[in-house]
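Engineer: next one to model:
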Amino acid sequence: MYPKPTFPDHFADGAGQWEVHLPDLTATQALGESIGNIAKPGLVVALVGELGAGKTSLVQGLAKGLGVPDPGQVTSPTFTLLMEHHGRLPLYHADGYRLKNPWEWVDLGGDEALASGGVICIEWPDKLGQFLPEKHLRISLIHAGCGGRQATLQWHN
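Structural biologist: Numbers count the residues shown, from 1 in each chain. Predicted coordinates:
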C-alpha cells in the first residue's frame, strides 16, 4: 500500500501543474483516491493516455475517495459511454473514444452530467470538442521508461 500523495497547496486550490511517478496500479489508484478525497462538486477530470495507460484504474481510486461503496465495480465505459456511480458526490465516468462527433455527447446526456454538481471523469476528452468545459483538471498518463507511469496533472481555467 502506498501513502496517498500530498498535493502542493497551490494545486489543491485549483492552480498549476504537478507531476508524479506512479510505479504500479496501486499507486495509480492511490492518486485517484487522493483526488476523490479533495473533490468538490462540479469537478471535471479530463483523462488523457493510450489504451492501457491506467485511466480507468485512476477513476477506481477516485471512486474510493468519493466513498463509492464498491469501487471495483467502476469499469471502462468504452461501450456504455457514460456510467454513474454514487458516493458522497455523484461520479460520472465517461469515454469519448467512440464518439463520432461532439454532439453525440449531448445526445448521451453528457451535458446534464456536467451540470449535475457531481464529479465527472472523461476518458478521451478531446472527442467532446466544444463541450469539454474550459475549467477542468487534465491528467495525462504515459508509460514511464523505468516502469510504471508518469502522471502530469494540470489545471485548465
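Engineer: quick check: mean pLDDT of the longest helix along the chain?
Structural biologist: In the chain, assigned by DSSP state H, the helix with the most residues is helix 25-38. Mean per-residue pLDDT for helix 25-38: 92.
Engineer: can you list the strands that the next helix or strand after that helix pairs with?
Structural biologist: Using DSSP states H and E, the next helix or strand after helix 25-38 towards the C-terminus is strand 44-48. The strands beside strand 44-48 in its sheet (DSSP bridges) come out as strand 119-123 (parallel), strand 136-143 (parallel).
Engineer: which of the residues in the longest helix of the chain are buried?
Structural biologist: Ala27, Thr28, Gln29, Ala30, Leu31, Gly32, Glu33, Ser34, Ile35, Gly36, Asn37 (16 or more other Cβ atoms under 10 Å). C-betas here are computed from N, CA, C, even on glycine.
Engineer: which one of those is nearest Glu112?
Structural biologist: Gly36 (21.6 Å; Cβ to Cβ).
Engineer: ok, back up a step: what helices or strands is the longest helix of the chain leaning on?
Structural biologist: strand 17-22, helix 55-65, strand 149-156 (3 or more Cβ pairs under 8 Å, 6 or more residues apart in numbering; DSSP states H and E).
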